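K.L.:
Structure of the sequence below:
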Amino acid sequence: MVPRLLEKYRNEIVPKLMEDFKLKNKMAVPKIEKIVVNMGVGEATQDIKVLEKAVDELGGITGQKPLIRKAKKAIANFKVRQGQSVGAKVTLRKAMMYEFMDRLLNISLPRIRDFRGVSYDAFDKGNNYTLGLTEQIIFPEIEYDRITRTQGMDITFVIKNAKSVEQARALLRYFGMPFKEKEEK
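P.N.:
Next comes the predicted model:
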């Protein structure tokens, strides 16, 4: 079964982007290559159960088993030793990516209290977009009663073939990303 957003991308978004940016070839149209969900768990240095709980929750949210991330170097101020487990990450591709994105945009983001949209300028030099969330309870897969502590996460949309930030932003906007209106400086 083809995910709903993949079908939308092929049938609606590609022609719109080709028209907007005067692209002649479908292969030159920007596309989302992968979505990386990263959860840093600094408290795992003191209590390993916090990391295990975060890994379970991240696995439930994404539908894929997370990879446990280790500290690359020791940082004495944070009581972190090299090689110690400090977080978890999941890389989503293809159908799983589109299913996660559909749930994120249509179910989870509207559940954020006082939500006014996501940042307009959170693009990096490679035209990838990173979205930071402060709590995992916005996802319907998480049972509110079983939460011991709220945990934030970063969601990075890795965009391929985007020649500019405008192309990457247009791609995400056509998918339904609710950007804030750009503030005048």
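K.L.:
Identify each buried residue in the longest helix belonging to the chain, please.
P.N.:
The helix that spans the most residues within the chain, counting by DSSP state H, is helix 48-62. Neighbour-count burial for helix 48-62 flags V50, L51, K53, A54, V55, E57, L58, I61, T62 (criterion: 16 or more other Cβ atoms under 10 Å). C-beta here means a position set from N, CA and C on the backbone, and glycine is covered the same way.
K.L.:
Let's test this: what are the backbone torsions at the closest residue in space to the last one that isn't next to it in sequence?
P.N.:
Using Cβ to Cβ, 6 or more residues apart in numbering and skipping residues adjacent in sequence, the residue nearest T62 is V90, 4.5 Å away. Torsion angles at V90 (phi, psi; degrees, to the nearest 10) stand at phi -130, psi 130.
K.L.:
Could you list everything V90 pairs with in the sheet?
P.N.:
Residues found in beta-bridge contact with V90 (criterion: DSSP bridges) are V37.
K.L.:
Now do the strands for this structure: every range, in order, please.
P.N.:
Taking DSSP state E as the criterion, the chain contains strands spanning 31-40, 67-70, 85-92, 129-133, 153-160.
K.L.:
and the fourth one, which residues are buried?
P.N.:
Within strand 129-133, the residues that qualify as buried by neighbour count (16+ other Cβ under 10 Å) are Y129, L131, L133.
K.L.:
Tell me the confidence at the first one?
P.N.:
In this prediction, Y129 carries a pLDDT score of 95.
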